[in-house]
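Asker: Can you look at this prediction? I've put the sequence above it.
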Amino acid sequence: MPGLAESWDVSDDGTVWTFYLRKGVKFHDGTPLTAEDVAWCIEKIIDPETGSPAQSDFAAVESAKAVDEHTVEIHLKHPFPNLLFILSNTVAGIASKEAYEKYGDEYGSKYLVGSGPYMFEEWKRGEEIVLKKNPDYDWGPEWMENGGKPIIDKLVFKVIPEETTRLMELEAGNVHILRDITANVLLQLEDNEDIQIYSTESTRLGYLAYACDKEPFTDIRVRRALNHAINKEEIIKYVFRDTAQPAYGYLPPKLKDEYYPNSKEEGYEYDVEKAKELLKEAGYGDGLKLTLAAENSTEYSRLAEVIQNQLKEVGIEVDIQLYDSSSYTAMLKEGKQELFLRQYSWPNADILDWFLLSSQLPYPNHSRWNDPKTDELIQRAATMPTWEERALAYHDVQKHLIEQAVWAPFYIPNHSIAVRKEVKNFKHHPWMIQYNDGIDLEN
């Protein structure tokens, strides 16, 4: 949808995209946003010296240049129909070149200059980020209800790790919107008339993963046995209280074009005897002893315990190890994992590139999947000339991953948000809240 770019053209061969910028846009420091800022941002991301975590997303970009003050050309190495999605992500937000160079190492932590409806005020690490409204903003896109000045004066994004504390703060009115609420919190809020729950099918996927380059996971029969051993319906009923759907493939069905429609048909049904048979064929008829890692939260702890019991039924003894978030990431980066629980949230098939290309080893390819055919299929899909051809090519990727049992996908959690009654005109979106889209607050 149009934003800072009002419109765009694509060359016949799909390798040159021309973007026409909205005129009259200013950065938060009052300087005009021009095509030079846009081209500079993209060039900065693709420059290896920058070390941008978004560099791989822009791998297809050869260069970006300002044609005139309000026209930008992006030249690609090959056709890349996913460019619009990449450019619409937060990683491609346009920063002020002048401010970046002015503030140096303090840019991004103490100073941050964008052009949106809210301006950076303060970041207390591990506690909160505070944004204040931009009083000069009047260049919002036409598809938003409110394209002008923000209604809300200030936004405070709080980090509250403890689930019980988050709930108490919401019920007390100190927090107005609570994101990513769990099934346990949902139950406690059911009869609260001051709070409305918004819940919908999400672009998330939860799965059991394993280090595919370590025994016994190098054996496809063991990987398939693990898939057969998981009782998805039991987990959804007793852990998620029916606020999730079973997962059979590697993308959530919400991605209608890219989701492989035969995922359930070709996936793995719960079958204890089949799992035992596969383990016996692989030489583990007397059982296995493995470690299952998970983040130390109420939901993941319960998930780990249920999976521990389910794997025990097929002869796999599991020792659970719980980690705080940073330690968990460090453990995966060091390659110490055997079995582990993960969930991703992403509205595009390129999440498979992120997690499963061999070039992403050892992290974020935390399942340590190193497979030339997967690389070939993903590369083919990513370079298809049209979106439709790209989507179909990603079907081939998912079919191969299902056959190889690279993960054991088992749930798609609903995306649930709790909103206090003081918040007016709230619009529920599957993955992003648009705080300037007409949302109001009644004091």
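Answerer: In hand now; what should we look at?
Asker: quick one: contacts for H428?
Answerer: By CB atoms under 8 Å, 6 or more residues apart in numbering, the contact set of H428 is 198, 200, 417. No exception for glycine: its C-beta is placed from N, CA and C like everyone else's.
Asker: Can you tell me which of the residues you listed are buried?
Answerer: Neighbour-count burial (16 or more other CB atoms under 10 Å) applied to these gives 198, 417.
Asker: next helix or strand past the helix or strand of the chain with the lowest mean pLDDT?
Answerer: Lowest by mean pLDDT, DSSP states H and E among the helices and strands of the chain is helix 183-189, with a mean of 88. Downstream of helix 183-189, the first helix or strand assigned by DSSP states H and E is strand 195-200.
Asker: Counting by contacts, list what that following strand packs against.
Answerer: helix 183-189, strand 415-420 (3 or more CB pairs under 8 Å, 6 or more residues apart in numbering; DSSP states H and E).
Asker: elements contacting the following helix or strand past it?
Answerer: Using DSSP H and E, the helix or strand that follows strand 195-200 in sequence is strand 204-210. Counting contacts by 3+ CB pairs under 8 Å, 6+ apart, strand 204-210 packs against helix 220-229, strand 339-345, strand 408-413.
Asker: thinking again about what came up before, which one, of the helices and strands packed on strand 195-200, ends up nearest to W17?
Answerer: In terms of CB to CB, the element of those nearest to W17 is strand 415-420, at 30.9 Å.
Asker: so for the closest one, what's the average pLDDT?
Answerer: Strand 415-420 comes out with an average pLDDT of 93.
Asker: now what about it, what contacts it?
Answerer: Residues from elsewhere that reach strand 415-420, judged by CB under 8 Å, 6+ apart: 170, 173, 175-181, 185-186, 189, 194-204, 243, 426, 428, 430-431, 433.
Asker: tell me which element N309 falls in.
Answerer: Element membership for N309 (DSSP H and E) is helix 298-312.
Asker: Any idea how far apart the tips of stretch 27-39 sit?
Answerer: This stretch, stretch 27-39, spans 16 Å end to end (CA to CA, to the nearest Å).
Asker: Pull out the buried positions in that stretch.
Answerer: 27-28, 33-39.
Asker: Determine how far that stretch lies from the middle of the whole chain.
Answerer: Chain-centre distance of stretch 27-39: 28 Å, with CA atoms, centre = their mean, to the nearest Å.
Asker: Outline the domain layout of the chain.
Answerer: 5-94, 120-201+415-441, 204-413 (automatic domain parsing).
Asker: out of those, which comes closest to E106?
Answerer: Per CB to CB, nearest to E106 of those: domain 120-201+415-441, 11.3 Å.
Asker: show me what contacts the closest residue in space to W143 that isn't next to it in sequence?
Answerer: The shortest distance from W143 to any residue other than its chain neighbours is 5.3 Å, reached at M1 (CB to CB, 6 or more residues apart in numbering). Neighbouring residues of M1 by CB under 8 Å, 6+ apart: 88, 141, 143.
Asker: one more time with 10 Å
Answerer: 84, 88, 141-144 (CB atoms under 10 Å, 6 or more residues apart in numbering).
Asker: I'd say L279 and E313 touch.
Answerer: No - the pair L279 / E313 is not scored as a contact, 11.6 Å apart, by CB atoms under 10 Å.
Asker: Residues in contact with both of these two, list them for me.
Answerer: With CB under 10 Å, 6+ apart as the test, L279 and E313 both reach A229.
Asker: Compare neighbour counts for the two and give me the winner.
Answerer: Between L279 and E313, counted using other CB atoms under 10 Å, the more crowded position is L279 (26 against 12).
Asker: Once you drop chain neighbours, what's closest to that one?
Answerer: Closest residue to L279 apart from its sequence neighbours, by CB to CB, 6+ apart: A225 at 4.9 Å.
Asker: Buried ones among the contacts of strand 415-420?
Answerer: Using 16+ other CB under 10 Å as the burial test, these include 170, 175-178, 181, 185-186, 189, 195, 197-198, 202-204, 243, 426, 433 as buried.
Asker: what mean pLDDT would you report for stretch 82-101?
Answerer: Across stretch 82-101, pLDDT averages out at 93.
Asker: try stretch 113-128
Answerer: Stretch 113-128 carries an average pLDDT of 95.
Asker: Kindly report the same for stretch 240-255.
Answerer: 94.
Asker: Now do the buried residues in it.
Answerer: Result for stretch 240-255 [16+ other CB under 10 Å]: buried residues 240, 243-255.
Asker: For E101, state which of the residues you listed is nearest.
Answerer: Looking across those and measuring by CB to CB, the closest to E101 is L255, at 38.7 Å.
Asker: Let me see the contact set for the closest one.
Answerer: 203, 205, 346-349, 351, 391, 394.
Asker: Just among the residues you listed, which is most surrounded?
Answerer: Y394 (28 neighbours).
Asker: Kindly reformat the domains of the chain as TSV containing distance to K110.
Answerer: Shown next, in TSV, are the domains of the chain (distance: least, CB to CB, whole Å):
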stretch	distance to K110
domain 5-94	14
domain 120-201+415-441	8
domain 204-413	22
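Asker: In terms of mean pLDDT, which of the ones you listed ranks lowest?
Answerer: domain 120-201+415-441 (a mean of 91).
Asker: and the helix or strand harbouring A39, what does it pack onto?
Answerer: Using DSSP H and E, A39 sits within helix 35-46. Contacts defined by 3 or more CB pairs under 10 Å, 6 or more residues apart in numbering; DSSP states H and E place helix 35-46 against strand 16-21, strand 61-68, strand 71-76, helix 83-88, helix 97-103.
Asker: run the last query once more with 8 Å
Answerer: So helix 35-46, by 3+ CB pairs under 8 Å, 6+ apart, packs with strand 16-21, strand 61-68, strand 71-76, helix 97-103.
Asker: quick one, which of the ones you listed is nearest to A304?
Answerer: Here strand 61-68 is closest among those (CB to CB), at 40.7 Å.
Asker: Listing partners with orientation, what would you give for that closest one?
Answerer: Paired strands of strand 61-68, with direction, are strand 71-76 (antiparallel) (DSSP bridges).
Asker: where do the helices sit along the stretch 251-400 of the chain?
Answerer: For the stretch 251-400 of the chain, the helices defined by DSSP state H, counting those that start in this stretch cover 263-266, 272-281, 298-312, 325-334, 351-356, 372-382, 387-404.
Asker: ok, which pair from the buried residues of stretch 27-39 is furthest apart?
Answerer: H28 and A39 (20.0 Å).
Asker: Hmm, Q310 is touching N231, no?
Answerer: Yes - using CB atoms under 8 Å, Q310 is in contact with N231, at 5.5 Å.
Asker: still on that earlier bit, list the contacts of the least confident helix or strand of the chain.
Answerer: By CB under 8 Å, 6+ apart, the list of residues contacting helix 183-189 reads 163, 166-167, 170, 178, 181, 195, 197, 199, 239-241, 243-244, 298-299, 416, 418.
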